[in-house]
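J.: Sequence below, structure please.
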Amino acid sequence: MINIIQGHRTNSVQEAIKYLKGDHDHKGIERKPKPRFLAGSETDCLVACESIDRKHKYVSGTLAFEPTERPTDKQLMEVVKLFRSVFMAGLEHGVNFTDFWNIHEDKDRIELNYVIPLTELTTGKQMNPFPVGKAKEDFKDAFDAYINHQFGYDQIVRDPLKASSSKFEVKVLPHAESALAKQIKSTKPDKDNISQNVAYQVLQGKITSRQELCDYLENFGEITRINDKFISLKIHGSQKAFRLKGPVYEYGADFKDLRNEALTKGASYKKQLSDADFQKVTDTLKRLTESRRQFNKKLIATPMTGRSNRHRLYGDKAIVKVKPLKVPSEATKTAGTTVKSPDFLKASPHHQAEFRSTQESTKAATTPTKTLSTNPEEKVGSPSVSSSTNGVSDPSIGGLRSQLADLMNQIANAKNPAKAAALKAKATQLENQIGAAVAAERIRKLKEAERFNGMSGKKLKS
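T.: Residues are numbered from 1 along each chain as shown. Got it, this is the predicted structure:
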């Protein structure tokens with residue numbers, strides 16, 4: 001079994017589900033047997049996607065089983081439950097998210113298809129079971145390996161010498177009829193043929209370095225681009241280059257190791273996990289699941305009531321008029337504001353005479369304090385506190401909290417203790433900055449209330 005993620009979709013979820021339920025495939029061939037519903041709710045998916053005003057509405061994919069792998073419907077439901085508990089950890093089906101699952105068996109194999117709206121139902125915030133990054137691939141691979149081991153299926157063993165096909169080539173290209181698509185299709189046999197030739201040369205020990213690989217590829221055409229992950233080649237007589245991507249085409253590839261791996265690819269010991277390997281897979285799955293759970297718990301910790309962005313401050317921040325502790329210099333009057341720590345602000349909120357915000361410049365210089373007028377008849381200005389620690393570009397409370405959530409997610413996924421410690425230090429600094437901003441905002445409102453009451457009293461006396 002392998003989880004094939006089709007990607008995040010922008011088109012109609014109704015059309016996607018209609019296709020999965022349809023009696024004919026994309027070529028118009030009748031599906032025999034017909035698709036079968038397994039779990040979830042089509043109606044709930046339609047309603048959820050209608051509420052999304054973001055570009056990407058849902059994610060779809062397939063859990064594809066080999067022809068020899070014949071799980072029962074009961075076992076498939078166990079897979080669905082584990083899938084939900086892992087990729088949507090911390091969220092409850094039917095409360096926080098919804099999905100749709102059905103079964104195709106028309107290709108002499110079982111395909112368990114899914115559609116998941118990208119929204120958390122109680123808050124309307126984006127919920128993404130497959131966020132972009134290496135963690136997504138590690139998560140997916142660990143899930144696949146765990147299911148295959150539990151059901152006694154063969155593990156997925158990569159072919160290190162084969163040029164991999166992109167999702168575009170696998171899913172989009174077969175159905176596309178544009179001139180560009182036809183041109184790409186015409187080079188597909190050449191790409192497969194070159195990949196097979198490269199594999200043969202590596203197995204024969206005639207290609208032992210990336211330079212030798214490039215020299216060999218130039219026999220077929222012009223190398224148009226070289227990247228750490230791929231080599232682009234435009235064959236003689238073609239107007240379009242194609243990308244050769246895979247372990248053997250990557251920078252720093254060890255051709256000797258790849259050759260040995262290819263020679264043992266079909267070995268029976270590689271098709272099953274040892275106890276130690278399974279424990280490693282289990283630990284990885286637990287670690288990533290817990291990280292996802294913590295992230296999702298924070299996602300739903302503050303459900304929307306009214307405006308979803310009510311904590312966000314737009315434009316320049318208003319700064320409270322305060323009485324300075326000392327007579328400022330000319331340099332002080334023209335400089336930007338600096339902020340004290342949360343403890344400083346909480347110590348005496350009603351008598352605090354100076355508010356400061358942490359500002360870290362490229363020269364690591366401290367900006368002098370800006371003094372505001374204490375004349376009650378003057379209007380309060382609104383200079384912008386636009387700097388923050390660690391290069392955070394959004395100084396608003398909402399922006400800082402978003403940065404903190406991102407840092408906490410990175411900490412949960414960090415494998416290097418030193419990197420985790422550095423991230424924790426940044427997180428602590430952000431927490432302090434958020435505390436300072438919240439306290440400053442609270443005091444600003446108190447001062448505005450006092451000023452309003454004072455002015456009201458003057459009017460009454462007059």
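
J.: hey, let's count contacts and neighbours off CA atoms from now on
T.: Fine.

J.: tell me the domain ranges of the protein?
T.: Following automatic domain parsing, one gets these domains for the chain: 2-157, 167-263, 330-461.

J.: Of the ones you listed, which is nearest D283?
T.: domain 2-157 (9.2 Å; CA to CA).

J.: picking that back up, distance to D275 and mean pLDDT added to the domains of the chain, as a markdown table?
T.: Formatted as a markdown table, these follow (distance: least, CA to CA, whole Å; pLDDT from 0 to 100):
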| stretch | distance to D275 | mean pLDDT |
| --- | --- | --- |
| domain 2-157 | 10 | 94 |
| domain 167-263 | 21 | 84 |
| domain 330-461 | 22 | 57 |
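
J.: And those: which comes nearest L273?
T.: domain 2-157 (6.9 Å).

J.: circling back: now the domains of the chain in JSON lines, with distance to A301 and mean neighbour count?
T.: Converted to JSON lines, those look like this (distance: least, CA to CA, whole Å; neighbours: other CA atoms under 10 Å):
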{"stretch": "domain 2-157", "distance to A301": "9", "mean neighbour count": "17"}
{"stretch": "domain 167-263", "distance to A301": "36", "mean neighbour count": "16"}
{"stretch": "domain 330-461", "distance to A301": "12", "mean neighbour count": "16"}
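
J.: quick one: which of those domains is nearest Q294?
T.: Closest approach to Q294 among the domains of the chain is made by domain 2-157 (7.2 Å; CA to CA).

J.: In contact with D254, which residues?
T.: S209 (CA atoms under 8 Å, 6 or more residues apart in numbering).

J.: how close does it sit to A199?
T.: Remark: distance between D254 and A199 (CA to CA, to the nearest Å) = 14 Å.

J.: Could you do V13 as well?
T.: Going from V13 to A199 by CA to CA gives 41 Å.

J.: follow-up on the earlier one: which one of the domains of the chain lies nearest to T284?
T.: domain 2-157 (6.7 Å).

J.: The domains of the chain: which one's closest to L285?
T.: domain 2-157 (5.8 Å).

J.: For that closest one, measure first residue to last.
T.: 11 Å.

J.: Equivalent analysis for stretch 29-45, please.
T.: OK, stretch 29-45 end separation, CA to CA: 27 Å.

J.: could you dump the domains of the chain to JSON lines with distance to S274?
T.: As requested, these are exported to JSON lines (distance: least, CA to CA, whole Å):
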{"stretch": "domain 2-157", "distance to S274": "10"}
{"stretch": "domain 167-263", "distance to S274": "17"}
{"stretch": "domain 330-461", "distance to S274": "23"}
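
J.: which stretch among those comes nearest F295?
T.: domain 330-461 (6.5 Å).

J.: all helices of the stretch 101-250 of the chain, in order?
T.: Taking DSSP state H, counting those that start in this stretch as the criterion, the stretch 101-250 of the chain carries its helices at 134-151, 167, 179-203, 210-217.

J.: Need the residues that contact the first one.
T.: Taking contacts as CA under 8 Å, 6+ apart, the residues outside helix 134-151 that touch it are 1-3, 79, 130, 154-156, 272-273, 278, 281-282, 284-285, 288, 413.

J.: can you pull the contacts of the nearest residue to R36 once chain neighbours are set aside?
T.: Residue nearest to R36 in three dimensions, not counting chain neighbours: I103, with 5.0 Å by CA to CA, 6 or more residues apart in numbering. I103 sits next to P35, R36, F37, L38, I110, E111, L112, N113 when contact means CA under 8 Å, 6+ apart.

J.: so the first one touches I110, yeah?
T.: No: in this structure P35 lies outside contact range of I110 using CA atoms under 8 Å: 10.4 Å.

J.: list residues touching both of these two?
T.: Both P35 and I110 are contacted by I103, H104, under the criterion CA under 8 Å, 6+ apart.

J.: Mind listing the residues bridging to A39?
T.: W101 (DSSP bridges).

J.: Please tell me how far it sits from R84.
T.: From A39 to R84 the distance is 12 Å (CA to CA).

J.: for Q294, same thing?
T.: 15 Å.

J.: go on, N260?
T.: Taken as CA to CA, the span from N260 to R84 is 38 Å.

J.: again, but for G237
T.: 50 Å.

J.: And for L407?
T.: 25 Å.

J.: swap in V59?
T.: If you go by CA to CA, the gap between V59 and R84 works out to 14 Å.

J.: Let's see the helix or strand Y19 falls within as PDB, backbone CA atoms only.
T.: Using DSSP states H and E, Y19 sits within helix 13-21. What follows is helix 13-21, C-alpha atoms only, in PDB (Å, rounded to 0.1, in the frame of the first residue of the first chain):
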ATOM      1  CA  VAL A  13     -15.100  19.500  -4.900                       C
ATOM      2  CA  GLN A  14     -18.500  18.500  -6.200                       C
ATOM      3  CA  GLU A  15     -17.000  17.600  -9.600                       C
ATOM      4  CA  ALA A  16     -14.200  15.700  -7.800                       C
ATOM      5  CA  ILE A  17     -16.600  13.600  -5.700                       C
ATOM      6  CA  LYS A  18     -18.800  13.100  -8.800                       C
ATOM      7  CA  TYR A  19     -15.800  11.600 -10.700                       C
ATOM      8  CA  LEU A  20     -15.000   9.300  -7.800                       C
ATOM      9  CA  LYS A  21     -18.600   8.100  -7.600                       C
END
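
J.: and it, what does it pack onto?
T.: helix 42-50 (3 or more CA pairs under 8 Å, 6 or more residues apart in numbering; DSSP states H and E).

J.: For the helix it packs on, name the packing helices and strands.
T.: helix 13-21, strand 111-117.

J.: Redo those as JSON lines? Include distance to Q204.
T.: Putting these into JSON lines (distance: least, CA to CA, whole Å) gives the following:
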{"stretch": "helix 13-21", "distance to Q204": "45"}
{"stretch": "strand 111-117", "distance to Q204": "38"}
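
J.: for those, which one sits closest to Q126?
T.: Short answer: strand 111-117, nearest of the helices and strands packed on helix 42-50 by CA to CA, at 9.2 Å.

J.: Adjacent strands (with direction) for that closest one?
T.: Counting by DSSP bridges, strand 111-117 is paired with strand 58-64 (antiparallel), strand 100-104 (antiparallel).
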